[in-house]
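Enquirer: model the structure of this input:
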Amino acid sequence: MCLRLPVCGRNVLLTSFNKIMDYIHAYLSPLGAITLASDGEALIGLWFEGQKHFGAGLAGETAERLLPIFDQADRWLDEYFSGREPDCPPPLRPRGTAFQQAVWRRLLAIPYGCTVTYGEIAASLGLPPGAARAVGGTVGRNPISLMIPCHRVVGAGGSLTGYAGGIQRKKCLLEMERKF
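Expert: A predicted model of the protein is given here:
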């Protein structure tokens with residue numbers, strides 16, 4: 001199994017929120033437009049244009065705003081798309097249930113250039129073998145793609161299964177990570 005604990009020296013998953021306004025920012029990647037979202041302090045979303053669950057969890061109102069968190073995210077994405085493994089992501093605050101948070105924390109432990117299966121994630125969380133499907137549903141609803149690396153999760157036997165950003169993007173991301 002290819003899992004590790006994040007080495008950022010801080011807890012990047014924070015679970016509480018009570019904002020009524022979220023902020024958005026556009027980033028143009030080699031794989032298409034990306035929308036980033038923040039509560040003003042941490043990232044709460046990163047979606048490719050047209051991705052499933054795009055904007056899920058955003059507050060009722062959003063506004064485009066230049067924020068330091070978006071500058072940090074842009075630098076991380078620039079490094080990532082240049083083919084280098086980025087350092088720690090900026091502060092992340094995905095919104096989800098306790099189960100979702102647990103699965104997303106496990107995703108953060110998947111090393112750059114490595115893959116794990118849904119079943120391996122379920123086992124690492126102490127879940128029964130049949131829980132791989134529930135893990136898959138949670139991985140598919142990851143609101144902060146790339147930084148919480150859901151693209152590194154594959155089906156049994158290494159098959160490229162669903163990715164909310166599209167299978168072709170998943171394939172490109174995995175190839176890019178293995179190349180460098």
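
Enquirer: my guess is Ala63 contacts Ile20, does it?
Expert: No. Using CB atoms under 8 Å as the test, Ala63 is too far from Ile20 to be in contact (11.4 Å). Any C-beta I mention is one placed from the backbone N, CA and C, and that applies to glycine too.

Enquirer: residues that sit against both of the two, list them.
Expert: Listed contacts common to Ala63 and Ile20 are nil; contacts here mean CB atoms under 8 Å, 6 or more residues apart in numbering.

Enquirer: what residues sit buried inside the helix or strand of the chain with the lowest mean pLDDT?
Expert: Least confident helix or strand of the chain, by mean pLDDT, DSSP states H and E, is strand 61-64 with a mean of 84. Neighbour counts over strand 61-64 (16 or more other CB atoms under 10 Å) mark Thr62 as buried.

Enquirer: give me the contacts around that strand.
Expert: Contact partners of strand 61-64, identified using CB under 8 Å, 6+ apart, comprise 20-26, 37.

Enquirer: number of residues surrounding the closest residue to Arg65 other than its chain neighbours?
Expert: Closest residue to Arg65 apart from its sequence neighbours, by CB to CB, 6 or more residues apart in numbering: Tyr23 at 4.4 Å. By the criterion of other CB atoms under 10 Å, Tyr23 has 22 neighbours.

Enquirer: ok, Tyr23 to Leu67 distance?
Expert: 6 Å (CB to CB, to the nearest Å).

Enquirer: for the two, list the residues in contact with both.
Expert: Common contacts of Tyr23 and Leu67 (CB under 8 Å, 6+ apart): 38, 40.

Enquirer: got the phi/psi numbers for Val116?
Expert: phi -140, psi 160 (degrees, to the nearest 10).
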